[in-house]
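Asker: Let me see the structure of the following:
(chains A and B)
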Amino acid sequence: MKPARTRFAPSPTGFMHVGGVRTALFAWLVARQTGGQFILRIEDTDQAREVEGSAAHIQKSLRWLGIEWDEGPDKGGPYAPYMQSKRLDIYKEWAQKLVEQGRAYADPYSPEELQALRDKAKAEKRPFLFRDHRPEHPPAWDGTQPLRFKSEAREYDWHDEVMGDLHTGPEVVDDFILMKSDGFPTYNFCHIIDDHLMSITHVIRSQEFIASVPKFLNLYDALGIEWPIFATLPYVMAPDGKKKLGKRDGAKDILEYAKEGYLPETMLNFLATLGWNDGTEQEIFSVSELIEKFRLDRVQRGGACFDEQRLLWMNGTHIRALTLDELYARCKDFWPASAGDYDDAYKKNVLGLVQERLKFFAELPMLTNFFFEDLPVNMELIDGNKQLKKFEHSALKELLEQSRTAIEQSNFSVDDLSTKLNNLLEQTGQKPGVLFSLIRIATTQAPASPALAESMAVLGRECVLRRIDACLQKL
RNA sequence: GGCCCCUUCGUCUAGUGGUCCAGGACGUCAGGUUCUCAUCCUGAAGAUCGCGGGUUCGACUCCCGCAGGGGUCACCA
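Answerer: I've put the predicted structure just below:
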């Protein structure tokens, strides 16, 4: 496969959510898979909508995900600059070329006049086409009027890597604005110039642009630019499945997932398999597998719902696949405050016990706090336990005292604790459901915890006995 | 409204004429793994393949129509 040059070209109007990330991901995968380049280009041509700091935020998001770009505003490259607001002269030059060729003209209408024409067409129930209202003698373009493309009404056939073979009639090709009256180009114009100048081979973008492609094709032809390969991605849908996932439907800033302790490889795996599969039954893909196996022509044409449940499961799966050392390094910012004084070895032991229970790192404090601090004795845990509530407190106290004696004699290795615990079962004649529940609650004071012997081994003799004593006092 | 796209279990999907009275995964439910939670394992429920016509010996798969959903028709991208 020839090296592809793909790009992600966001406009800096806010944070990145999963839809944008998926578009970037697919473009990046194509570039990496073919040994080509992935370019980041900031499309900041709408001054009114621009949000301060959002270009930096987008870059931060991509970096967290590991979607690295080869050329971009911060690192430059052979086709710099990579920010459209810094390329205004280039667009002006190309616009001038079109004017000279008679393929662009100054738009003399005021917004009100234009609106009146549109309203009239609508009232008469016929489609509005600007090219039906071209001025006979347009004024010379001086840069203060919008500049329009003089389109050529014709039908188009083209291929889209995702959507297949597409066709439209001449009615969708119309004169559109190339340069706005503020001197900035429109997306419709400058993305074509930039993609050409930057030698972009694949234009990978989301669905909202598909209806405009014939217009773009007409412009490519007028400019004498060869068509790139098109790939149109369907939307990521809101959970209701009806409309595309937007901020109102809970589309979160992708960095929120970082804060909650989702792994970037989870996000990549999840987003890639949301609307794409390799034809096998594989669900979990590493990033390198994704790079190897991804194919644009296996991307679904219909939108796919964003399913948080599946994301949660997938993150747990990726967490479990990590070695303990990797996991430890990744979740270092998520420990409960009470863990502060404990050393790495202890925390690693704790982590080993909760690894298979962790779905996302923000759960770490809830899952591990009792390893770092003595929780207050909570009689509810005993009185509400379906095995223990049948017993009188005095009977439980006796049982726990007996247990303490046995546990005290252990060397606190997991094996020895298990042996002692098993002996205790015989001595007392109790079922594990009773005896182990009692000891587990006494030593953790947590509604849920890892296996008993393992937990006690990590907590250590002093701590276990102290907690049992505290519990005995309340019984 | 014109044009374009889409339509298989609740969700993500496999499936390119017979191997599909439709397979996998998430989720749900049940059982098992000496206590809880989780993991893991096993099992169950869950899709008349949007609807209606064709073509064919045979259609989820091909053709036509319809319906529903989505997108687009900006000096936004």
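Asker: Could you use CA atoms for every contact and neighbour count after this?
Answerer: Will do.
Asker: For my notes, confirm A:P78 occurs in a strand.
Answerer: No - A:P78 sits outside any strand when classified using DSSP: H, G, I helix; E, B strand; the rest coil, being coil.
Asker: ok, it - how many residues close by?
Answerer: With neighbours defined by other C-alpha atoms under 10 Å, the count for A:P78 comes to 9.
Asker: Also A:L197?
Answerer: 12.
Asker: Kindly report the same for A:E380.
Answerer: Counted with other C-alpha under 10 Å, A:E380 comes out at 11.
Asker: can you check the one 3 residues further on too?
Answerer: A:D383 is flanked by 15 other residues according to other C-alpha under 10 Å.
Asker: residue contacts, it?
Answerer: A:K389 (C-alpha atoms under 8 Å, 6 or more residues apart in numbering).
Asker: how far away is it from RNA strand B?
Answerer: 13 Å (C-alpha to the nearest atom of the strand, to the nearest Å).
Asker: show me where the stretch 301-450 of chain A has helices.
Answerer: For the stretch 301-450 of chain A, the helices defined by DSSP state H, counting those that start in this stretch occupy A:308-321, A:324-330, A:344-354, A:364-368, A:379-383, A:393-408, A:414-428, A:432-444.
Asker: so how far is the fifth one from its chain's centroid?
Answerer: Average the C-alpha atoms of helix A:379-383, do the same for its chain, and the two points are 42 Å apart (C-alpha atoms, centre = their mean, to the nearest Å).
Asker: Same check on the longest one?
Answerer: Offset of helix A:393-408 from its chain centre (C-alpha atoms, centre = their mean): 51 Å.
Asker: Now do that helix, average pLDDT.
Answerer: Helix A:393-408 shows a mean pLDDT of 96.
Asker: okay, that helix in CSV with CA atoms only?
Answerer: What follows is helix A:393-408, C-alpha atoms only, in CSV (Å, rounded to 0.1, in the frame of the first residue of the first chain):
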residue,chain,number,x,y,z
HIS,A,393,-23.8,-10.7,69.2
SER,A,394,-22.4,-12.7,72.1
ALA,A,395,-22.1,-15.8,70.0
LEU,A,396,-20.3,-13.8,67.3
LYS,A,397,-18.0,-12.3,69.9
GLU,A,398,-17.0,-15.7,71.1
LEU,A,399,-16.4,-16.8,67.5
LEU,A,400,-14.3,-13.8,66.8
GLU,A,401,-12.3,-14.2,69.9
GLN,A,402,-11.5,-17.8,69.0
SER,A,403,-10.5,-16.6,65.5
ARG,A,404,-8.2,-14.0,66.9
THR,A,405,-6.4,-16.5,68.9
ALA,A,406,-5.8,-18.7,65.9
ILE,A,407,-4.9,-15.8,63.6
GLU,A,408,-2.4,-14.4,66.1
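Asker: Pull the residues that contact it.
Answerer: With C-alpha under 8 Å, 6+ apart, helix A:393-408 has contacts from A:417, A:420-421, A:424, A:428, A:435, A:438-439, A:461, A:465, A:468, A:472, A:475.
Asker: buried set for it?
Answerer: A:H393, A:L396, A:K397, A:L399, A:L400, A:S403, A:R404, A:I407 (16 or more other C-alpha atoms under 10 Å).
Asker: Return the set of residues that bridge with A:A231.
Answerer: A:I204 (DSSP bridges).
Asker: Pull the distance from stretch A:291-310 to the chain's centre.
Answerer: 13 Å.
Asker: and if you look at stretch A:359-376?
Answerer: 26 Å.
Asker: now the end-to-end length of it.
Answerer: Between the opening and closing residues of stretch A:359-376 lies a distance of 26 Å (C-alpha to C-alpha, to the nearest Å).
Asker: Equivalent analysis for stretch A:159-179, please.
Answerer: End-to-end distance (C-alpha to C-alpha), stretch A:159-179: 28 Å.
Asker: What segments of chain A are strands?
Answerer: A:5-8, A:37-40, A:104-106, A:147-149, A:156-160, A:164-168, A:177-179, A:202-206, A:229-233, A:236-237, A:304-305 (DSSP state E).
Asker: RNA strand B: which of the ones you listed is closest?
Answerer: Counting by C-alpha to the nearest atom of the strand, RNA strand B lies closest to strand A:304-305 out of the strands of chain A; the figure is 3.7 Å.
Asker: Provide the strand pairings for that closest one, with the direction of each partner.
Answerer: strand A:236-237 (parallel).
Asker: quick one: A:F412 and RNA strand B, what's the gap?
Answerer: 15 Å.
Asker: Run a quick neighbour tally on that residue.
Answerer: 21.
Asker: mind checking how far it is from A:S181?
Answerer: Taking C-alpha to C-alpha, one finds A:F412 at 78 Å from A:S181.
Asker: ok so, going back, could you dump the strands of chain A to TSV with mean pLDDT, mean neighbour count and distance to A:L311?
Answerer: Below are the strands of chain A laid out as TSV (pLDDT from 0 to 100; neighbours: other C-alpha atoms under 10 Å; distance: least, C-alpha to C-alpha, whole Å):
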stretch	mean pLDDT	mean neighbour count	distance to A:L311
strand A:5-8	98	26	24
strand A:37-40	98	25	26
strand A:104-106	96	25	49
strand A:147-149	97	27	45
strand A:156-160	94	15	29
strand A:164-168	92	12	29
strand A:177-179	97	24	41
strand A:202-206	97	22	22
strand A:229-233	97	22	20
strand A:236-237	93	24	14
strand A:304-305	94	20	12
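Asker: Could you provide those in JSON lines, with additional columns for distance to A:L117?
Answerer: Conversion of the strands of chain A to JSON lines gives the following (distance: least, C-alpha to C-alpha, whole Å):
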{"stretch": "strand A:5-8", "distance to A:L117": "36"}
{"stretch": "strand A:37-40", "distance to A:L117": "39"}
{"stretch": "strand A:104-106", "distance to A:L117": "17"}
{"stretch": "strand A:147-149", "distance to A:L117": "16"}
{"stretch": "strand A:156-160", "distance to A:L117": "27"}
{"stretch": "strand A:164-168", "distance to A:L117": "25"}
{"stretch": "strand A:177-179", "distance to A:L117": "16"}
{"stretch": "strand A:202-206", "distance to A:L117": "31"}
{"stretch": "strand A:229-233", "distance to A:L117": "32"}
{"stretch": "strand A:236-237", "distance to A:L117": "35"}
{"stretch": "strand A:304-305", "distance to A:L117": "39"}
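Asker: just so I know, which of these lies nearest A:D333?
Answerer: Proximity to A:D333 (C-alpha to C-alpha) singles out strand A:37-40 among those, at 29.6 Å.
Asker: what about the closest one, near RNA strand B?
Answerer: No - if you take C-alpha under 7 Å from any atom of the strand as the test, strand A:37-40 misses RNA strand B, and the best it gets is 12.3 Å.
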